[in-house]
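*Asks:* below is the structure, and that's it, no one-letter string:
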Ligand SMILES: CC(C)(COP(=O)(O)OP(=O)(O)OC[C@H]1O[C@@H](n2cnc3c(N)ncnc32)[C@H](O)[C@@H]1OP(=O)(O)O)[C@@H](O)C(=O)NCCC(=O)NCCS
């Protein structure tokens, strides 16, 4: 599956990114980079065996749709995906990260928009949700895209020697349809 931002997006100077089924070879290093792992559920490093199993799982599990993210220059600069896809309820969780050296260029926001469009328009989902650690500034970006905060889960994960809270966010299809990025 490939999709790109439209002319309206370009007019707003949002970088055009493409979602591709090709996951970068660098993905393994990114998943173990502290600038990424600070905000993921994993504790400790992922082994090469774990990464191999994960790659096998994303290509065979129908409840997962995982994509690489191509920058306007055609570089594979991150990963975005929908997991826990539950067709009967029309729900899925989103996940997203951008290579540490490519963060802050607008790619994450553009990629999330493409992922949401894919989920709502192609998979016909009704609600896409996410969970983010307390303190992750990415929550503001999720809210700018129209996501609502559903609540704060207390001491949900044990991370770096302490229990951390998370925030649940979500967006319904109806809300997405009235967002400026929908078309
Ligand atoms: C979160 C993440 C995907 C954002 O991607 P990005 O390419 O760096 O973000 P963008 O450049 O598209 O920024 C989009 C907007 O969000 C803001 N933003 C995003 N992440 C931010 C952060 N960590 N700190 C401060 N601002 C942030 C930007 O200022 C920008 O605001 P604007 O639209 O008003 O200009 C990326 O920082 C990342 O991979 N972080 C580590 C993993 C992670 O936290 N993933 C999400 C887990 S729920």
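*Replies:* In hand now; what should we look at? Predicted, not measured: the structure shown is a model, and the values here were computed from it. Numbering: from 1, shown residues only.
*Asks:* ok, whichever residue of the chain sits closest to the ligand - contacts?
*Replies:* Of all residues in the chain, residue 108 sits closest to the ligand, at 1.9 Å by C-beta to the nearest ligand atom. The way it works is simple: take the backbone N, C-alpha and C, and place the C-beta from them, glycine included. Neighbouring residues of residue 108 by C-beta atoms under 8 Å, 6 or more residues apart in numbering: 78, 96, 97, 98, 138, 141.
*Asks:* how about the chain, which residue sits the furthest from its center?
*Replies:* Distance to the chain centre peaks in the chain at residue 161, reaching 25.7 Å (criterion: C-alpha atoms, centre = their mean).
*Asks:* measure it to residue 135 for me?
*Replies:* Per C-beta to C-beta, to the nearest Å, residue 161 is found 15 Å from residue 135.
*Asks:* now residue 24
*Replies:* Relative to residue 135, residue 24 is positioned 27 Å away (C-beta to C-beta).
*Asks:* more neighbours, those two?
*Replies:* Taking neighbours as other C-beta atoms under 10 Å, residue 24 and residue 135 compare with residue 24 leading, 18 against 11.
*Asks:* which residues touch the spatially closest residue to that one that is not a sequence neighbour?
*Replies:* Nearest residue to residue 24 in three dimensions, chain neighbours excluded: residue 76, at 3.8 Å (C-beta to C-beta, 6 or more residues apart in numbering). Contact analysis of residue 76 by C-beta under 8 Å, 6+ apart lists 20, 22, 23, 24, 26, 68, 69, 70.
*Asks:* just the buried ones from these?
*Replies:* Applying 16 or more other C-beta atoms under 10 Å to the contacts of residue 76, the neighbour count classes 20, 23, 24, 26, 68, 69, 70 as buried.
*Asks:* check the contact between the second one and residue 79; I expect there is one.
*Replies:* Yes. The pair formed by residue 23 and residue 79 meets the contact definition of C-beta atoms under 8 Å, at 6.4 Å.
*Asks:* can you check which residues contact both of those two?
*Replies:* Common neighbours of residue 23 and residue 79 (C-beta under 8 Å, 6+ apart) are 66, 67, 68.
*Asks:* for the first one, give its distance to residue 55.
*Replies:* Going back to what we said before, that points to residue 66. To residue 55, residue 66 is 9 Å away according to C-beta to C-beta.
*Asks:* of these two, who's got more company?
*Replies:* Comparing residue 66 with residue 55 by neighbour count (other C-beta under 10 Å), the higher total belongs to residue 66, at 20 against 14.
*Asks:* kindly state the beta-bridge partners for the closest residue to that one other than its chain neighbours.
*Replies:* Among residues not flanking residue 66 along the chain, residue 81 sits closest, at 3.7 Å (C-beta to C-beta, 6+ apart). On the basis of DSSP bridges, residue 81 takes part in beta bridges with residue 66, residue 95.
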